[in-house]
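>>> A structural model of the following input is requested.
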Amino acid sequence: MRCPWCELDNKSESKFCAGCGAALVIACPSCGASNGARDRFCGGCGITLAVIDDSAMIVIPAGEFWMGADHAHDSYSLTPPRRVHLDAYQIDKYPVTNARWKRFIDAGGYAERRWWSREGWRWKEDLAVVQPRHWNEPEYDDPEQPVVGVSWWEAEAFCRSVGKRLPTEAEWEKAARGCDGREYPWGDRWELNEVGVWNRLAERLPRVGSNRAVMSPYGFSDVGLVCEWVADSFEGQGRVLRSHQLPLDRPNYWPKDRYPNYAKELYPKDLQNGLRTTKRYWAPPGDNSDIGFRCAGGLSHAGGS
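Numbering: from 1, shown residues only. Prediction:
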């Protein structure tokens, strides 16, 4: 039996994948019928087995694009640029929101073993994790804000619960910059007035899709709003992160006595750094600080509009 997540061939009687530890067979909670791990509906009684997610996805056509930076902006930059070919795929237009994550919680996402890898389930159980780190905190509680404070394991489980997956680093970058190697989603020129409503320091993380100025040629939105997990590992140390969270006006982040001119002098530089389409770094998969993500999938994942 082939694992739908890591594609390892397992023995026909296996219930869990010997490679990634994911469930291979699902027993319907209503009628008891056995179903495949990616089946969205029970083959016996027809009830829904997966979390319904109708979020907007955009189609990225097959073809080559320029990946990587002309020069290193930091020690994690991927240089020099290289041509990379990708098959066609779909990717979320926006980062996953609190509203979407709530559906995962309501569907018992933290108790459903079948959506978690072996390592992810162990991490969740050892730390008794039942929600994102910043869940219900006042600064992050708007339903249309991006969910933040999720580990790589949680992001992976969410994607599996909706029949999708985390995007690869290459898929994320192509969606963010198009095929011409532009440095920012809108082009190569950097000016503070190019970033729309983000040109001033804000106290709260904005809602997804609220800044139409920061959008790629494919309609990929919100680069620079939140740092995002992708599927790739980073030199055996952890998992790759793309983009960067929008700097916020918080006294504990930027004390006035130490950063009296942060808003005018340092904020534009931090913002510019986070909006680069090549911005990348890494974190351990269990890191659940200020990190979000979005989902990807093949062309069979219809998504909303």
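>>> do you know how far Ala157 is from Tyr89?
Noted for Ala157: a distance of 21 Å to Tyr89, by CB to CB, to the nearest Å. Just so you know, the C-beta spots here come from the backbone N, C-alpha and C atoms, and that holds for glycine as well.
>>> Trp123 now?
If you go by CB to CB, the gap between Trp123 and Tyr89 works out to 28 Å.
>>> More neighbours: which of the two?
Tyr89 (22 against 19; other CB atoms under 10 Å).
>>> is it true that the more buried one touches Trp172?
No. In terms of CB atoms under 8 Å, Tyr89 does not count as a neighbour of Trp172; the distance is 10.7 Å.
>>> residue ranges with poor pLDDT in the stretch 151-300 of the chain?
249-264, 300 (pLDDT under 70).
>>> correct me, but Ala56 touches Asp92?
Yes. Counting by CB under 8 Å, Asp92 is a contact partner of Ala56 at 7.2 Å.
>>> These two - which one has more neighbours?
Asp92 (29 against 14).
>>> what about Ala155, neighbour count?
Ala155, neighbours per other CB under 10 Å, totals 28.
>>> ugh, typo on my part, it should be Asp74
11.
>>> quick one: it and Asp142, what's the gap?
31 Å.
>>> likewise Cys179?
Cys179 is 34 Å from Asp142, by CB to CB.
>>> Repeat that for Pro61.
33 Å.
>>> of those two, who's got more company?
Shown here are Pro61 and Asp142; by other CB under 10 Å, Asp142 has more neighbours (16 against 11).
>>> For the more buried one, give me its contacts.
The contact partners of Asp142, taken as CB atoms under 8 Å, 6 or more residues apart in numbering, are Asn98, Arg204, Arg207.
>>> And for stretch 65-78, what's in contact with it?
79-84, 86, 170, 173-174, 177-181, 183, 273, 276, 278-282.
>>> So which of those residues sit within strands?
Arg82, Arg83, Val84, Leu86, Arg280, Tyr281, Trp282 (DSSP state E).
>>> Just among the residues you listed, which is most surrounded?
Arg280 (25 neighbours).
>>> I'd like the next helix or strand past the top strand by length along the chain.
Secondary structure of the chain per DSSP E: the longest strand is strand 227-234. Using DSSP states H and E, the helix or strand that follows strand 227-234 towards the C-terminus is strand 238-242.
>>> Can you dump the C-alpha atoms of that following strand in PDB for me?
C-alpha atoms of strand 238-242 as PDB (Å, rounded to 0.1, in the frame of the first residue of the first chain):
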ATOM      1  CA  GLY A 238      15.200  22.200  10.400                       C
ATOM      2  CA  ARG A 239      12.600  23.500   7.900                       C
ATOM      3  CA  VAL A 240      12.800  26.400   5.500                       C
ATOM      4  CA  LEU A 241      10.800  29.600   6.200                       C
ATOM      5  CA  ARG A 242       9.900  32.100   3.500                       C
END
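>>> That strand - which strands sit beside it in the sheet, and in what orientation?
strand 227-234 (antiparallel), strand 280-283 (antiparallel) (DSSP bridges).
>>> any idea which of those is most buried?
strand 227-234 (a mean of 21; mean count of other CB atoms under 10 Å).
>>> Which secondary structure state is assigned to Ser14?
Three-state call for Ser14 (DSSP: H, G, I helix; E, B strand; the rest coil): coil.
>>> Surely it is in contact with Met1?
Yes. Counting by CB under 8 Å, Ser14 does reach Met1; the two are 5.9 Å apart.
>>> Surely Phe104 is in contact with Cys159?
No. Using CB under 8 Å as the test, Phe104 is too far from Cys159 to be in contact (10.0 Å).
>>> Can you get me the centre-to-centre distance for stretch 196-210 and its chain?
With CA atoms, centre = their mean, to the nearest Å as the basis, stretch 196-210 stands 19 Å off its chain's centre.
>>> I should have written stretch 230-240 there, sorry.
13 Å.
>>> Out of the ones in strands among the contacts of stretch 65-78, flag the one nearest to Gly236.
Of all these, Gly236 sits closest to Trp282, with 10.4 Å by CB to CB.
>>> With that, I have no additional questions.
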